[in-house]
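> got a structure for you, letters missing:
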């Protein structure tokens with residue numbers, strides 16, 4: 001189970017490697033505690049684009065349970081372009097599909113998270129940054 005994590009914007013992979021539960025940063029970020037963000041990203045991308053891109057590890061998960069990955073470009077573009085009703089439908093489908101107790105998320109929380117990640121994706125384009133996610137799952 002993921003204990004803590006966040007989606008965040010950074011200028012490059014090197015900057016993205018310097019985040020985590022023990023490090024403070026000033027990147028624009030959205031917390032994603034208590035979910036499996038890698039599974040969420042794959043589900044969101046499938047719903048919004050009809051495809052699933054492999055996730056690119058920036059910090060591969062090791063025995064410590066920490067990882068950083070880049071959010072696929074196709075999903076970033078789809079999130080930035082999606083209308084609010086499309087985001088809501090995607091979030092509700094994702095919340096309903098959570099079958100494991102560790103993956104459960106309320107409908108309202110799912111919608112809120114996806115809308116906030118969508119806003120990050122929109123900011124990403126304006127600021128010429130990339131969207132990443134880190135999480136810690138001990």
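Noted; the coordinates are in hand. If you're wondering where the values come from, they're calculated on a predicted model, not measured in any experiment.

> Just the helices from the chain, written as ranges.
Counting by DSSP state H, the segments of the chain that form helices are 13-16, 37-49, 73-81, 84-97, 107-127.

> Buried residues in the third one, which are they?
In other words, helix 73-81. By neighbour count on 16 or more other Cβ atoms under 10 Å, the buried set for helix 73-81 is 75, 76, 78, 79, 80. All C-beta spots, glycine's among them, are computed from the backbone N, C-alpha and C.

> And the fourth one, by the same measure?
Across helix 84-97, burial judged by 16+ other Cβ under 10 Å covers 86, 87, 88, 89, 90, 91, 94, 95.

> Then the last one?
Judged by neighbour count using 16+ other Cβ under 10 Å, the buried positions of helix 107-127 are 110, 111, 113, 114, 115, 117, 118, 120, 121, 124.

> So the residue nearest to the fifth one when sequence neighbours are not counted versus residue 118, what's the distance?
Nearest in space to residue 115, with sequence neighbours left out and distances taken as Cβ to Cβ, 6 or more residues apart in numbering, is residue 87 at 5.6 Å. When distances are taken as Cβ to Cβ, to the nearest Å, residue 87 and residue 118 turn out to be 6 Å apart.
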